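**Q** sequence below, structure please.
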Amino acid sequence: MTDIAVLPKYLQNRLQAALTPGERLVWVGQPIAEHYMKREAYESRVAFAAMAACGLLWIVGSIARTLIMYGLDFDFLPLIGVPFLLIGVLGLRAPSDLKEQARFLVYAITSERVILLGGGDPEAIRSYVPAQLQQIERTEHAGGWGDLILETEYVYDGDEGYTTKRHGMLAIARVRRVHGLIAALAKTLPLAPNTPHASFQQCLITPDIGPLPDKLRQALRAEMAPGERLVWAAQPVPGSYLKRGFAEQSFFIPWTLISLLLTVFLVPAMWRTHRQGEIFPFAIVVPLSFLSLGLYRLYQPFKMRNNALGVVHAITTGRALTIDASGPLVTRTYAPAGLVHADCMDGRDDSGDLLLEAASDIASNSTNRGQRHGFLGIDEVRHVERLIGHLKQAPATLGFPEN
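**A** Next up, the predicted model:
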């Protein structure tokens, strides 16, 4: 929507107060309440459901143990699970305040910047000028609604780690159209002169496009703007995602083996004892829980490999982009000024990673490494780095607002 009159009066006043003289509104919108932070609400309910289930299982298991060992005598052990059961049930019954929070959020695109008004702090205002809109992530769901992530913030948590906060327009209708409006605003950033190299010009004449599944080819075609031409496109090497996944989950290889050995040795031992009711939780439940967790984590590399089959990286005449169609359609776009931090990490062969996002000092110094997006697991990575090098352009000037 573009008419500020559709907003409640107090939000109209706040938005008008945030505008500078001569600044013109191009688009105004609010989140779709039923979709706003839907994943966070789902995760919260799963956590409360797990707490309630654990409490219930503890109560049932403790009562069964008491009946087997002591008959109808009273035992305090089942009471330990009551608080967990109550907290879980109350958490599931409590209405989420996310829908209410969405009513106090306003997103706006003006002739000069993007404005996010409200959120966790009702008085907060975040704004993004063209220099800060060179890298955008769009998630699109069925029905055309989705999210636009404009900023990823890393916050040090004091325990050799960090938490990640993502800011942008969440749960907005017609997300692809809004993305186009922001991309047009980003293009108003003045860029330093740049002359494409001969290899880039050659790819314009004969685009270097690898074989793509129909789904990805259609998604890439739908992403092209009028007058935009494809220079290079390829999928990642699936094996690289598999190796990366096992590197990330390497801790769970010995974890799973030890859990398997414990299960193999403890289960037969339980049947040879006369105190089966006492040692059952330790001989069966604990090792099997550890083993299940290990197997789940070791499955993730194979899931990453399958997800790689739904990813395509591309370079056009105006930007670099990555499309991930393995779930909801996720598109990350990098305008020329958003490519200045490109960093090539090649392997022993000609494949490797081309990281396009700037590294965070907090994430780099942490034992928990940050996820930098880009062209991951691609073949002929040095050739692609040269293409990116001819496309990227530093801003002529940098100007950032005070949030």
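
**Q** show me the residue at the heart of the chain, geometrically.
**A** By C-alpha atoms, centre = their mean, the mean C-alpha position of the chain lies nearest to Arg166, the distance being 8.6 Å.

**Q** A strand includes that residue, no?
**A** Yes: the assignment for Arg166 is a strand, going by DSSP: H, G, I helix; E, B strand; the rest coil.

**Q** now do stretch 207-217: distance to the chain's middle.
**A** 24 Å (C-alpha atoms, centre = their mean, to the nearest Å).

**Q** can you list contacts of it?
**A** 220, 229-235, 309-312, 323, 325 (C-beta atoms under 8 Å, 6 or more residues apart in numbering). Quick note: C-beta positions are derived from backbone N, CA and C, even for glycine.

**Q** which of those fall in strands?
**A** 230-234, 311-312, 323 (DSSP state E).

**Q** which two in those residues are spaced the farthest apart?
**A** Pairwise distances across these peak at 18.0 Å for Val231 and Val311 (criterion: C-beta to C-beta).

**Q** tell me which of these two has more neighbours.
**A** Neighbour count, other C-beta atoms under 10 Å: between Val231 and Val311, Val231 has more, with 24 against 21.

**Q** any idea how far the closest residue to Val129 other than its chain neighbours is from Tyr107?
**A** Counting by C-beta to C-beta, 6 or more residues apart in numbering, Arg113 is the residue found nearest to Val129 once chain neighbours are left out, at 4.9 Å. Note on Arg113: its distance to Tyr107, by C-beta to C-beta, to the nearest Å, is 12 Å.

**Q** ok, now Ile125?
**A** For Ile125, the distance to Tyr107 - C-beta to C-beta - is 12 Å.

**Q** which residues are common contacts for the two?
**A** 115-117.

**Q** closest to Glu151 among the residues you listed?
**A** The shortest approach to Glu151 among the shared contacts of Ile125 and Tyr107 belongs to Leu116, at 9.4 Å (C-beta to C-beta).

**Q** confidence score at the closest one?
**A** Leu116 is assigned a predicted lDDT (pLDDT) of 94.

**Q** next, it: phi, psi?
**A** Here is the backbone geometry of Leu116 (degrees, to the nearest 10): phi -110, psi 120.

**Q** what do you get for Leu86?
**A** Main-chain dihedrals, Leu86, degrees, to the nearest 10: phi -70, psi -40.

**Q** for it, what are its contacts?
**A** Leu86 sits next to Gly55 when contact means C-beta under 8 Å, 6+ apart.

**Q** just to revisit the earlier point, give the ChimeraX command for selecting the buried subset of the contacts of stretch 207-217.
**A** Selection command for ChimeraX covering only the buried members of those, criterion 16 or more other C-beta atoms under 10 Å:
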select :220,230,231,232,233,234,235,310,311,312,323,325
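
**Q** farthest-separated two in the contacts of stretch 207-217?
**A** Most distant of those, by C-beta to C-beta, are Arg229 and Leu309, 25.9 Å apart.

**Q** which one of the ones in strands among the contacts of stretch 207-217 sits closest to Leu181?
**A** Ile323 (19.8 Å).

**Q** per-residue confidence at that closest one?
**A** pLDDT, Ile323: 96.

**Q** so it touches Val311, yeah?
**A** Yes: with contact defined as C-beta atoms under 8 Å, Ile323 reaches Val311; the gap is 7.1 Å.

**Q** now the strands for the stretch 1-150 of the chain?
**A** Along the stretch 1-150 of the chain, the segments classed as strands by DSSP state E, counting those that start in this stretch run 25-29, 106-110, 114-117, 125-128, 135-140, 146-156.

**Q** list the buried residues of stretch 383-394.
**A** Of all the residues in stretch 383-394, those buried under the rule 16+ other C-beta under 10 Å are 384-385, 387-388, 390-393.

**Q** and if you look at stretch 31-50?
**A** 31-32, 35-37, 41, 44, 48.

**Q** where does confidence bottom out across those residues?
**A** Across the buried residues of stretch 31-50, no position has a lower pLDDT than Ala41, which has 68.

**Q** circling back: of the strands of the stretch 1-150 of the chain, which is nearest Ala183?
**A** In terms of C-beta to C-beta, the element of the strands of the stretch 1-150 of the chain nearest to Ala183 is strand 135-140, at 7.1 Å.

**Q** quick one on the thing from earlier: filter the buried residues of stretch 383-394 down to the ones in helices?
**A** 384-385, 387-388, 390-391 (DSSP state H).

**Q** can you add pLDDT and distance to Leu189 and give the residues you listed back as a markdown table?
**A** Below are those laid out as a markdown table (pLDDT from 0 to 100; distance: C-beta to C-beta, whole Å):
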| residue | pLDDT | distance to Leu189 |
| --- | --- | --- |
| Val384 | 90 | 24 |
| Glu385 | 89 | 23 |
| Leu387 | 87 | 21 |
| Ile388 | 89 | 18 |
| His390 | 83 | 19 |
| Leu391 | 84 | 15 |
